[in-house]
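Enquirer: here is a sequence with its predicted model. Questions after.
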Amino acid sequence: MAFIEFKNIYLMYEDKVLFQDFSMIIEKGDKILITGKSGAGKSSLIKMLLGFSNYNKGSIKINDKELKDSDFSDIRSLYAYVNQDVTIRQGNVMKFLMNLESYKHNTFKMEGDYGLRDDLMKLFEFDKSLLYKESQELSGGERQRLGIIIAIMLNKPVFLLDEITSGLDYELKGKVANYFAKCNETVISISHDLVWKETGKFIKVGW
């Protein structure tokens, strides 16, 4: 039984056909790299999994259950989703983390002295001093690294990643790509950065 299955997906957006008879099977633990030109529908594929984008024809199944018949709150609980424009509520970053932990249905749990795992902060070069800044003071790359660390700490079985290394330098791009290449979870990553392909672990899907 496939973990995630797209079957004969047809999607039109603003008179443009983004997908026609698109099919793909993803098994647990697979690493999928989605590439393609801007506007080709890459992000729409992830939004379909989240239930934020409706396809015209075809079916999507997760654990053999069709997405349209599912409770989306249950489906979304499978995913840790990060996009390139990580949104953090205005205010102190540490307070933001404390609020995340307090949400009833959130699986984020603060760890260590700084709320984030020390090994992840070190790996992704996220300085502890940033936790005491106002969120609006963080650069795009710093927000991306914070979003990545939070996503990992959610302990979800599936990562949905949309251009999450776009604001990072080459060395950090490689560290992020290699981390997700080696993890046990299922990973679906959209990226133009070659470092994802260079890991040798990702199945490339492009159109």
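Expert: All right, it came through fine. Numbering: from 1, shown residues only.

Enquirer: for the spatially closest residue to Ile164 that is not a sequence neighbour, what are its contacts?
Expert: Distances taken as Cβ to Cβ, 6 or more residues apart in numbering put Val82 closest to Ile164, at 5.0 Å, once the chain neighbours are dropped. Just so you know, the C-beta spots here come from the backbone N, C-alpha and C atoms, and that holds for glycine as well. For Val82, the set of contacting residues under the criterion of Cβ atoms under 8 Å, 6 or more residues apart in numbering consists of Gln144, Gly147, Ile148, Ala151, Phe159, Leu160, Leu161, Asp162, Ile164.

Enquirer: do the same with Leu168
Expert: Counting by Cβ under 8 Å, 6+ apart, Leu168 touches Gly141, Gln144, Arg145, Val176.

Enquirer: got a ChimeraX select line for the buried ones in the residues you listed?
Expert: Selection command for ChimeraX covering only the buried members of the contacts of Leu168, criterion 16 or more other Cβ atoms under 10 Å:
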select :141,144,145,176
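
Enquirer: okay, and which of the contacts of Leu168 map to helices?
Expert: When the contacts of Leu168 are checked against helices using DSSP state H, the ones located there are Gly141, Gln144, Arg145, Val176.

Enquirer: could you redo those as JSON lines and give each row pLDDT and distance to Gly206?
Expert: Conversion of those to JSON lines gives the following (pLDDT from 0 to 100; distance: Cβ to Cβ, whole Å):
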{"residue": "Gly141", "pLDDT": "95", "distance to Gly206": "26"}
{"residue": "Gln144", "pLDDT": "96", "distance to Gly206": "23"}
{"residue": "Arg145", "pLDDT": "97", "distance to Gly206": "26"}
{"residue": "Val176", "pLDDT": "98", "distance to Gly206": "20"}
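
Enquirer: can you redo those residues as a markdown table with distance to Ser23?
Expert: Below are those laid out as a markdown table (distance: Cβ to Cβ, whole Å):
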| residue | distance to Ser23 |
| --- | --- |
| Gly141 | 36 |
| Gln144 | 31 |
| Arg145 | 35 |
| Val176 | 29 |
